[in-house]
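> what's the 3D shape of this:
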Amino acid sequence: MVFVVMATLLEFVAGIALVLGLYTAIAAWLTAAFMLVATVSDLKVNKAWMWTKGGCEYPLFWSICAAVVAANS
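Predicted coordinates:
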């Protein structure tokens, strides 16, 4: 439950910051790090790659996207 609340708050605050252009690099790096943690925990729990089997490629994709946004801001 703690992870769900943290994820909700982080994604909401980071999303607002990215949309408004406030602290873009910081928000994107925090999102990238959080999504990387989600990727690792998802891989450890489900032991699958494809999303149809509960895989971890979706959070990994968003982690990479957030890192690209952070690197370009």
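> Next one: the residue nearest the centre of the chain from residue 12, what distance?
In the chain, the residue lying closest to the centroid (Cα atoms, centre = their mean) is residue 35, at 2.7 Å. Distance, residue 35 to residue 12, by Cβ to Cβ, to the nearest Å: 14 Å. Placement of C-beta: from N, CA and C, glycine included.
> Tell me the pLDDT of residue 50.
We have a pLDDT of 80 for residue 50.
> what's the answer for the one 4 residues further on, then?
Predicted confidence (pLDDT) at residue 54: the value is 76.
> Likewise for the one 10 residues further on?
pLDDT for residue 64: 96.
> Does residue 22 lie in a helix or a strand, and which?
Of the helices and strands defined by DSSP states H and E, none includes residue 22.
> so how many other residues sit close to the nearest residue to it once chain neighbours are set aside?
Ranked by Cβ to Cβ, 6 or more residues apart in numbering and with sequence neighbours excluded, the top spatial neighbour of residue 22 is residue 16, at 7.9 Å. Neighbours of residue 16 under the rule other Cβ atoms under 10 Å: 11.
> From residue 2, how far out is residue 16?
Noted for residue 16: a distance of 22 Å to residue 2, by Cβ to Cβ.
> now swap in residue 73 and tell me
Per Cβ to Cβ, residue 73 is found 29 Å from residue 2.
> next one: residue 45
To residue 2, residue 45 is 16 Å away according to Cβ to Cβ.
> which one of the two has more residues nearby?
For residue 45 and residue 2, the more surrounded residue by other Cβ under 10 Å is residue 45, and the numbers stand at 10 against 6.
> quick one, what contacts the residue nearest to the more buried one when sequence neighbours are not counted?
Beyond its immediate neighbours in the sequence, the residue positioned closest to residue 45 (Cβ to Cβ, 6+ apart) is residue 54, lying 7.9 Å away. The contact partners of residue 54, by Cβ atoms under 8 Å, 6 or more residues apart in numbering, come to 42, 45-46, 48.
> of those, closest to residue 58?
For the contacts of residue 54, the closest approach to residue 58 (Cβ to Cβ) belongs to residue 42, at 8.6 Å.
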